[in-house]
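model the following, please.
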Amino acid sequence: MATSITCGVPCWCDAPTMSSQIPFRQFDIGTKVYNAGTASFNQVPGGVFPGMGAMGVTAPGGMFAGVNAGYCCVPNTTSSLQGGYIFGLMTSTTFQVTAADPVNPRIDIICATVNDLGTSASTSLVQIITGTAASTPSPPTPPANSIILAQLAVGAAVTSITAANITDERAYVVAPGGILPIRNAAAAPAVPASQFMFDMSSGQLCQGTGTAGVVATPGGLQWTPQIAVRTSNILAASAGALTTVQSVSVTTDGATDIEMYIKWDGVKGNAGYITMSVTIDGATADSLAVQSTASTTFPTSGGSARFFTSASQGNTPSAATHSIAWKFQAAGGGTSTSDGIIATTSAPAILRVVPVTI
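Numbers count the residues shown, from 1 in each chain. Next up, the predicted model:
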């Protein structure tokens, strides 16, 4: 059994013969971006660095495609052990898109590529690659050592490329410890919980789980407040029925309490008052009685109320997904289906549930 293993030439030592692979692509580049590998092997991820341009593809008009300035990291596709390359498009550029086929559509791609020839002819470039027109087109295969920035849908006989024809294919990379942008949760790489990410589809911070396409909500942020809005009147489902006005679902961490806010514009109950209640998974968390008018029309006065869970009440929600509902019922069970709550577009009925620290 070996008692040691040689890791190769470390960065920036004098005298040893070095290659572009070791230590530069493997060590220097590998420590400039988050690790996309596993406990068994390292892996340089591919993508663009966040920034104002971030090498995004645009539609400047006509048969042209623009690419914003930015920096990127391109893995070597020969092997995960080959490391990667970092380069940048220092100013924005515009590509001429090949004229459309008169009969069939096609898909072009714009990619960032490294030609690693092992000679002074090696270079990095951003390029547009024209696809093949067909009744059901497929995008062309990118060259080795490439990342795709966007796909362009070039319809038959079109004379201009619009923003709707561009599909953003960028993934992102950041330095270790940086917050990694992702298009949506499904695009999350298999990173550990220590890697925080920003979900651009929801505008929320999340963290890795070690599984690609699966994210977790950071514990310190609890969960996103939920709101449900009703813009039309609601009457008792049947005489004296306990009737749901609105409901939402929240996933709690087992330690954070919740605030449940309700707001209404008016109530009517033939029994003289209506009981408003909030429930957690069907169990009543709290309630109050609201004075009502026994009439055939809704009164104009309204109100609002806030309810809280707490450890002292023993009703802090467990770590799970819970259904929070706002319900009403006429006093004594009621005898009429005309009991109800008023709600309009200008004065909606609202249920809002937020995490709180009591």
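
quick check: residue 240 touching residue 275?
No. Residue 240 lies out of contact with residue 275 (Cβ atoms under 8 Å); the separation is 11.1 Å. Glycine gets a C-beta too; all of them are placed from N, C-alpha and C.

shared neighbours, these two?
Taking Cβ atoms under 8 Å, 6 or more residues apart in numbering as the contact rule, residue 240 and residue 275 both touch 329-330.

give the bridge partners for residue 274, please.
Per DSSP bridges, the residues bridged to residue 274 are residue 290, residue 330.

same check, this time on residue 150
residue 110, residue 168.

and what of the one 4 residues further on?
Taking DSSP bridges, one finds residue 106 as the beta-bridge partners of residue 154.

roughly how far does it sit from residue 101?
8 Å (Cβ to Cβ, to the nearest Å).

ok, residue 232 next?
51 Å.

these two: which is more packed in?
Legend: neighbour count by other Cβ atoms under 10 Å for residue 232 and residue 101, higher for residue 101 (18 against 10).

what's the helix or strand for the residue lying closest to residue 124 once chain neighbours are set aside?
Nearest residue to residue 124 in three dimensions, chain neighbours excluded: residue 87, at 4.1 Å (Cβ to Cβ, 6 or more residues apart in numbering). If you go by DSSP states H and E, residue 87 is part of strand 84-89.

chain center to the helix or strand of the chain with the lowest mean pLDDT, what's the gap?
One helix or strand of the chain scores below all others by mean pLDDT, DSSP states H and E: strand 266-268, with a mean of 82. Centroid displacement of strand 266-268 relative to its chain, using Cα atoms, centre = their mean, to the nearest Å, is 40 Å.

then stretch 102-121?
29 Å.

stretch 139-148 too?
The answer for stretch 139-148 is 26 Å, by Cα atoms, centre = their mean.

who touches that stretch?
With Cβ under 8 Å, 6+ apart, stretch 139-148 has contacts from 46-48, 72, 74-78, 85, 107-116, 129-132, 151, 169-171.

go again using 7 Å as the cut-off
46-47, 72, 74, 76-77, 107, 109, 111-114, 116, 129, 131, 151, 169 (Cβ atoms under 7 Å, 6 or more residues apart in numbering).

what about residue 119, how many residues nearby?
7.

check contacts around residue 218.
196, 205-207 are the contacts of residue 218 under Cβ under 7 Å, 6+ apart.

are any of those residues buried, and if so which?
196, 206-207 (16 or more other Cβ atoms under 10 Å).

before we move on, the earlier item: what's the least confident helix or strand of the chain packed up against?
strand 340-342 (3 or more Cβ pairs under 7 Å, 6 or more residues apart in numbering; DSSP states H and E).
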